[in-house]
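Student: here's a sequence, model it:
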Amino acid sequence: MVARINTSKSISKALNYNEQKIKEGKAEILAESGFIKDVDKLNFYDKINHFERFTSLNDSATTNTLHVSLNFDPSEAIANEKMVEIAAAYMNKIGFGAQPYLIYRHYDSGHPHIHIVSTNIEKDGRRISMHNLGRNQSEKARKEIEIEFGLVKAEEKKNADTLKLQPLDARKVIYGKSATRRAIANVLGPVLNQYKFTSLAELNAVLKLYNITADRGQEGSRIYRHNGLTYRILDEQGNKLGIPQKASAFFMKPTLANLEKKFIANGPLKTPYKKKLQTTIGWILNQQPAGLEDFIKSLEKENISVVLRKGKEDIIYGITYVDHKTKCVFNGSDLGKQYSAKGILEKCAPQTELKPPASKIKKLNHGQMKEMQPEVNKGQFRRQDLKTSDGIPQEKDWTLPGILTAPMPGEDYVPYQLKKRKRKKRKQLSI
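Tutor: Next comes the predicted model:
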């Protein structure tokens, strides 16, 4: 866990920052402490007025606002309830347990994290010193909480600051392991905010990597006719599991109408990265991959996932590329014909020999060669009777060995088709 502390003299600025994230669908408020109303009944004015009652008790304080972010490793799937427990433990350990504070969970980056807004002005007007708070109380609290809650330790990371810059590394959602809606939301938040996609198929290419799909239902169904959308959990084979979760039930409101706005906005954002992806794919193809599987593995080394779309009998009809470096999703045909499913399959098809090597032909026996010979169309040839030196008729051998060993025709040989047929003379009847 990594704790980042900001102090200022503007409680409204810290509060507005988090409230704006909620409006943008990038955050939700989890809990409150020290407020008269429950968190779900608090409006913006309830929150800021309560804080200002405390800050107004000490006008001489140069700083009166505490804004903390607690950041966790991308591999940690932490439920909201556990987040609240961690936040409460942290505030107690740094000496702010009796102060009013609000806990927000943000979904605008690739790692789980929460923001805590509070004030250091106590109810009697005294000020809690925040000098070296991060170095002393916060650092000690962090280490204790990592052990207490079994979190990934910051010291195990080469550079804790890379948490802020790391690409999305959400763990695959496994049905039954955690609450379905919460598990889906944990993946949806980072994907919708970070990846650039321009269609539902491209969005699903990313979500499929984490065992989730956005489902419109069957054509003609009620949900399809009303442009509805649900989110489903998938098993490893791509089968849908569990109860569909309505898009409108999620705090970021990933409905079809809102997604279509993102499709339009994402178009120009991903265009600059198109050429780079084409170059990378072209370079892999120039290495002459042994097959489709080798092609996919080579792209994975470049941090690019390949998602295949299959129809009946597992026939591949489409391909989508997910570039995790640029966070761009491209349909193969949009990159060009050579990058489409058909073009890639042709390039990656295993090379097969059209005829056996000459060394193997020499070893074939007469029976094997007879099986290899083409079927002769009897209407194309006419059986000819050959005569031996003794005048005995001999039928011509039309097998492959017979044709190969037959004597060459003499100079006076005339093909049957060119021979003139003799006309039969009609007998005249005598009168």
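
Student: pLDDT weak spots in the stretch 51-200 of the chain?
Tutor: Scanning the stretch 51-200 of the chain for pLDDT under 70 picks out 110, 155-179.

Student: where along it do the strands fall?
Tutor: With DSSP state E, counting those that start in this stretch, the ranges of strands along the stretch 51-200 of the chain come out as 65-71, 101-106, 113-119.

Student: possible to save these as TSV with mean neighbour count?
Tutor: Bear in mind the C-beta positions are built from the backbone N, C-alpha and C, glycine included. Formatted as TSV, the entries for these read as follows, by neighbours: other Cβ atoms under 10 Å:
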stretch	mean neighbour count
strand 65-71	22
strand 101-106	23
strand 113-119	24
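
Student: determine which of the ones you listed approaches Lys275 most closely.
Tutor: When the strands of the stretch 51-200 of the chain are compared by Cβ to Cβ, strand 101-106 sits nearest Lys275, at 33.1 Å.

Student: sketch out the helices for the stretch 1-150 of the chain, chain order is fine.
Tutor: If DSSP state H, counting those that start in this stretch is used as the criterion, the helices of the stretch 1-150 of the chain fall at 11-23, 44-55, 80-93, 139-148.

Student: can you add distance to Tyr101 and mean neighbour count and give those back as a markdown table?
Tutor: Putting those into a markdown table (distance: least, Cβ to Cβ, whole Å; neighbours: other Cβ atoms under 10 Å) gives the following:
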| stretch | distance to Tyr101 | mean neighbour count |
| --- | --- | --- |
| helix 11-23 | 11 | 17 |
| helix 44-55 | 9 | 16 |
| helix 80-93 | 6 | 18 |
| helix 139-148 | 14 | 15 |
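
Student: tell me which of the ones you listed lies nearest to Asp334.
Tutor: helix 11-23 (32.2 Å).

Student: now for the closest one, which elements pack on it?
Tutor: Using 3 or more Cβ pairs under 8 Å, 6 or more residues apart in numbering; DSSP states H and E as the contact criterion, the secondary-structure elements in contact with helix 11-23 are strand 27-33, helix 44-55, strand 65-71, strand 101-106, strand 113-119.

Student: poorly predicted segments of the stretch 251-400 of the chain, please.
Tutor: Across the stretch 251-400 of the chain, residues meeting the criterion (pLDDT under 70) sit at 350-400.

Student: can you give me the helices in it?
Tutor: With DSSP H, counting those that start in this stretch as the criterion, the stretch 251-400 of the chain has helices at 256-270, 274-286, 292-300, 332-335, 341-348, 358-362, 366-372, 400-405.

Student: residues making contact with the fifth one?
Tutor: Spelled out, that is helix 341-348. Helix 341-348 has contacts (Cβ atoms under 8 Å, 6 or more residues apart in numbering) with 285, 289, 291-292, 294-295, 308-309, 316-319, 332-333, 336-338.

Student: go again with 10 Å.
Tutor: Counting by Cβ atoms under 10 Å, 6 or more residues apart in numbering, the neighbours of helix 341-348 from elsewhere in the structure are 281, 284-286, 288-296, 306, 308-310, 315-320, 331-333, 335-340.

Student: could you flag which of the residues you listed are buried?
Tutor: 281, 284-285, 289, 292, 295-296, 306, 308-309, 318-320, 331-332, 335, 339-340 (16 or more other Cβ atoms under 10 Å).

Student: map the structural domains onto the sequence of this structure.
Tutor: Here the domain assignment for the chain is 2-164, 180-268, 272-348, based on automatic domain parsing.

Student: where's the longest one relative to the chain centroid, distance-wise?
Tutor: Which is domain 2-164. Using Cα atoms, centre = their mean, to the nearest Å, the distance from the centre of domain 2-164 to the centre of the chain it belongs to is 33 Å.

Student: offset the numbering so it begins at 11, please.
Tutor: From this message on, residue numbering opens at 11, which makes the last subject domain 12-174.

Student: which residues touch Ala108?
Tutor: With Cβ under 10 Å, 6+ apart as the criterion, the residues that contact Ala108 are Ser43, Gly44, Met101, Asn102, Glu132, Lys133, Ile138.

Student: coming back round to it: just send the helices of the stretch 261-410 of the chain back as a markdown table, with distance to Arg115 too.
Tutor: Formatted as a markdown table, the entries for the helices of the stretch 261-410 of the chain read as follows, by distance: least, Cβ to Cβ, whole Å:
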| stretch | distance to Arg115 |
| --- | --- |
| helix 266-280 | 20 |
| helix 284-296 | 33 |
| helix 302-310 | 31 |
| helix 342-345 | 35 |
| helix 351-358 | 39 |
| helix 368-372 | 69 |
| helix 376-382 | 72 |
| helix 410-415 | 79 |
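
Student: for Glu34, find the nearest of those.
Tutor: helix 266-280 (11.3 Å).

Student: which strands and helices sit next to that closest one?
Tutor: On a contact count with 3 or more Cβ pairs under 10 Å, 6 or more residues apart in numbering; DSSP states H and E, helix 266-280 meets helix 190-204, helix 210-218, strand 338-341.

Student: which one, of the strands of the stretch 61-210 of the chain, ends up nearest to Ile222?
Tutor: Between Ile222 and the strands of the stretch 61-210 of the chain, the tightest spacing by Cβ to Cβ is seen for strand 111-116, at 18.9 Å.

Student: which helices and strands does the closest one pack with?
Tutor: helix 21-33, strand 37-43, helix 54-65, strand 75-81, helix 90-103, strand 123-129, helix 190-204.

Student: nearest to Ala257, out of the ones you listed?
Tutor: Put simply, out of those the one that sits nearest Ala257 is helix 190-204, at 9.4 Å, with distance taken as Cβ to Cβ.

Student: CA atoms of the closest one as CSV?
Tutor: Taking Å, rounded to 0.1, in the frame of the first residue of the first chain, the C-alpha atoms of helix 190-204 are listed here in CSV:
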residue,chain,number,x,y,z
THR,A,190,-21.0,-10.2,-9.3
ARG,A,191,-21.8,-6.5,-9.7
ARG,A,192,-18.9,-5.3,-7.7
ALA,A,193,-16.5,-7.7,-9.5
ILE,A,194,-17.7,-6.4,-12.9
ALA,A,195,-17.5,-2.8,-11.7
ASN,A,196,-13.9,-3.3,-10.7
VAL,A,197,-13.0,-4.1,-14.3
LEU,A,198,-15.4,-1.8,-16.0
GLY,A,199,-14.1,1.4,-14.3
PRO,A,200,-10.5,1.2,-15.6
VAL,A,201,-11.4,-0.2,-19.0
LEU,A,202,-14.0,2.5,-19.8
ASN,A,203,-11.7,5.2,-18.6
GLN,A,204,-8.4,4.1,-20.1
